[in-house]
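Here you go, sequence then predicted model.
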Amino acid sequence: MLMDRMSRSEGMSKLTVGEKIYKLRKYNKTPQIVLAEIMRVRPDRIVRVERGEAEYSEAHINAAKEHFDIVGLPLTEQECITFRERLYYWRSLLKLGRLDDAEVIHKEVAKIDNLEPCDFYLVMLSKMMKVRHLIVIGKLESAEKILNDCQSLLPEMSVECAFHYYFNKGILSCSRGQNGYEEGLGFYLEAYEVLKNLESIFPDGDAGLYHNIASCYSFLEIPYRALFFLLKARRALEKNDVISSKLDLDRAFAFHYIQTNQLKEAEELLNKCLMKAEVFKDDTYIGYTLFYFGLASKRAENWKIAVGYFEEALKHFSIGTNNYNASVYHKIYCTIRAKSFVKATQLLDQAKLMSSASEMWAVYFKALRHHLKISSNMSTFNNDDAIEYIENIAIPRFIKEHEYFIAIDFYSLLEQHYEKLKSAKKSLLMAKAIRGIYERCYVYHGRNE
């Protein structure tokens with residue numbers, strides 16, 4: 001009786017070729033005498049190999065592969081090592097966007113399930129790489145089906161395969177948009193925990209995972225955690241010459257420096273980003289960088305300078321996109337804060353038609369109109385409609401969209417308004433709400449302590 005030399009969960013199989021062919025023979029209910037005919041050997045050769053007293057030749061192995069429909073798939077130890085390296089080469093091709101080359105390997109592993117009786121590890125690793133391939137080419141439903149089918153096998157997977165499983169689950173969750181980021185972050189953090197046990201495979205960590213985790217924390221507006229993982233991504237990319245990836249990281253660092261009030265550091269990085277973006281002549285990169293310059297000036301309360309940056313950013317974004325709408329929004333907000341109320345009214349009238357196509361942006365710009373009304377009449381008692389809209393519709397929407405810092409802008413407005421009205425109780429309530437957001441974003445990192 002043959003015995004497995006290692007459990008399925010321990011990674012690369014240590015079975016001999018003879019043991020693997022035995023498992024394939026038993027699984028496919030192929031009698032020894034039939035296999036002997038296929039290999040053109042005497043039946044006793046099969047018996048001796050399965051007892052561990054002899055080995056198969058290369059010709060025998062090739063005949064077995066033909067019979068079990070695993071031609072091109074690995075059986076020998078060297079074949080398994082090479083095959084595994086080819087799977088990671090496949091992953092690299094996908095990262096680089098070389099989809100034609102990736103498709104070649106995708107076709108090579110089409111029959112990988114036939115190897116499952118004797119090499120669970122390589123079958124699972126192949127499936128996880130296939131899922132990544134399907135995600136990259138946009139076949140998300142097919143990718144999700146494979147992961148769902150593999151979910152019950154997770155306890156049996158190697159740590160390495162579990163890493164890819166959680167990573168892929170994170171990507172799929174985040175692909176659903178804002179409703180999937182918290183779930184996606186959970187899967188990414190599972191992958192991060194598993195990655196700690198894979199130093200031999202990922203000695204420099206995984207920049208892609210770190211960047212994705214940082215992106216989730218960024219979307220959820222938890223800046224210090226985002227910075228932590230951005231730093232890990234940068235270290236993992238130190239030996240990587242992909243300039244665009246480093247530019248993305250620098251811009252992300254700058255954004256979170258702004259959120260954490262490290263404005264000098266943000267400005268230094270943004271100057272580098274702008275220079276690189278202009279070298280590339282990439283409109284999107286230039287627009288993003290100018291937009292972040294605007295956010296930095298807004299944070300410093302340099303309202304007129306911020307307006308100028310947002311105006312410049314608008315030239316690099318397509319009308320109606322989120323980037324364009326966000327630039328218009330912040331431009332109008334800063335115009336209001338600069339007390340240019342007539343100009344702000346004109347801009348809001350222009351934005352009304354533009355924002356009507358999006359229910360979300362309609363709320364944002366309507367909130368700004370109420371912000372303008374209160375700002376221009378801070379001491380009046382005739383702002384009930386504006387206050388009701390901001391408290392009951394706008395701020396809950398900002399929270400839903402994870403726009404916590406925009407919510408602070410409006411809570412701060414109401415706090416000042418109530419102070420002007422000598423309404424200490426209501427002013428304190430606004431201050432308490434602001435403190436709660438700061439604790440959520442900076443102290444508890446999104447947790448419910």
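Perfect, thanks for sending it. Numbers count the residues shown, from 1 in each chain.

Give the buried residues for the lowest-mean-pLDDT helix or strand in the chain.
Least confident element among the helices and strands of the chain, by mean pLDDT, DSSP states H and E: helix 243-259 (a mean of 84). For helix 243-259, a neighbour-count test (16 or more other Cβ atoms under 10 Å) marks 245-259 as buried. Using the backbone N, CA and C atoms, a C-beta is placed for each residue, glycine as well.

Next: stretch 415-425.
Buried residues in stretch 415-425 (16+ other Cβ under 10 Å): 415, 417, 418, 419.

roughly how far out does whichever strand or helix holds the second one sit from the chain middle?
The one in question is residue 417. Assigned by DSSP states H and E, residue 417 belongs to helix 404-420. Averaged C-alpha coordinates place helix 404-420 at 32 Å from its chain's average position (Cα atoms, centre = their mean, to the nearest Å).

Using CSV, write out every CA atom in it.
C-alpha atoms of helix 404-420 as CSV (Å, rounded to 0.1, in the frame of the first residue of the first chain):
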residue,chain,number,x,y,z
TYR,A,404,-15.7,61.8,6.4
PHE,A,405,-13.6,64.9,5.9
ILE,A,406,-16.3,66.5,3.8
ALA,A,407,-18.8,65.7,6.6
ILE,A,408,-16.4,67.5,9.0
ASP,A,409,-16.6,70.6,6.7
PHE,A,410,-20.3,70.8,7.1
TYR,A,411,-20.3,69.9,10.8
SER,A,412,-17.8,72.8,11.3
LEU,A,413,-20.1,75.1,9.4
LEU,A,414,-23.0,74.2,11.6
GLU,A,415,-20.9,74.5,14.7
GLN,A,416,-19.9,78.1,13.8
HIS,A,417,-23.5,78.9,12.9
TYR,A,418,-24.8,77.7,16.3
GLU,A,419,-22.1,79.6,18.0
LYS,A,420,-23.2,82.8,16.2
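
Outside of whichever helix or strand comes after it itself, list whatever touches it.
Using DSSP H and E, the helix or strand that follows helix 404-420 in sequence is helix 424-438. Applying Cβ atoms under 8 Å, 6 or more residues apart in numbering, the contact partners of helix 424-438 are 404, 405, 407, 408, 411, 412, 414, 415, 418, 419.

Now that we have these, which of them are buried?
Here, 16+ other Cβ under 10 Å leaves 404, 405, 407, 408, 411, 414, 415, 418, 419 buried among the contacts of helix 424-438.

Need the pLDDT of the fourth one.
Reported pLDDT at residue 408 in the predicted model: 98.

now do the second one
Per-residue confidence for residue 405 comes out at a pLDDT of 96.

Just give the nearest non-adjacent residue to it, would you?
Setting aside the residues directly before and after it, residue 405 is nearest to residue 221 in space (Cβ to Cβ, 6 or more residues apart in numbering), at 6.4 Å.

Endpoints of stretch 190-200, how far apart?
19 Å (Cα to Cα, to the nearest Å).

Return the helix of greatest length in the chain as PDB; C-alpha atoms alone will do.
If you go by DSSP state H, the chain has its longest helix at helix 77-96. Output of helix 77-96 as PDB, limited to C-alpha atoms (Å, rounded to 0.1, in the frame of the first residue of the first chain):
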ATOM      1  CA  GLU A  77      10.200  16.800  -9.500                       C
ATOM      2  CA  GLN A  78      12.000  19.000 -12.000                       C
ATOM      3  CA  GLU A  79       8.800  19.400 -14.100                       C
ATOM      4  CA  CYS A  80       6.900  20.500 -11.000                       C
ATOM      5  CA  ILE A  81       9.500  23.100 -10.100                       C
ATOM      6  CA  THR A  82       9.600  24.500 -13.600                       C
ATOM      7  CA  PHE A  83       5.800  24.400 -13.800                       C
ATOM      8  CA  ARG A  84       5.500  26.300 -10.600                       C
ATOM      9  CA  GLU A  85       7.900  29.000 -11.800                       C
ATOM     10  CA  ARG A  86       5.900  29.200 -15.000                       C
ATOM     11  CA  LEU A  87       2.800  29.900 -13.000                       C
ATOM     12  CA  TYR A  88       4.500  32.900 -11.300                       C
ATOM     13  CA  TYR A  89       5.700  34.000 -14.700                       C
ATOM     14  CA  TRP A  90       2.100  34.000 -15.800                       C
ATOM     15  CA  ARG A  91       1.300  36.200 -12.800                       C
ATOM     16  CA  SER A  92       4.000  38.600 -13.800                       C
ATOM     17  CA  LEU A  93       2.700  38.800 -17.400                       C
ATOM     18  CA  LEU A  94      -0.700  39.700 -16.000                       C
ATOM     19  CA  LYS A  95       0.800  42.500 -13.900                       C
ATOM     20  CA  LEU A  96       2.600  43.900 -16.900                       C
END
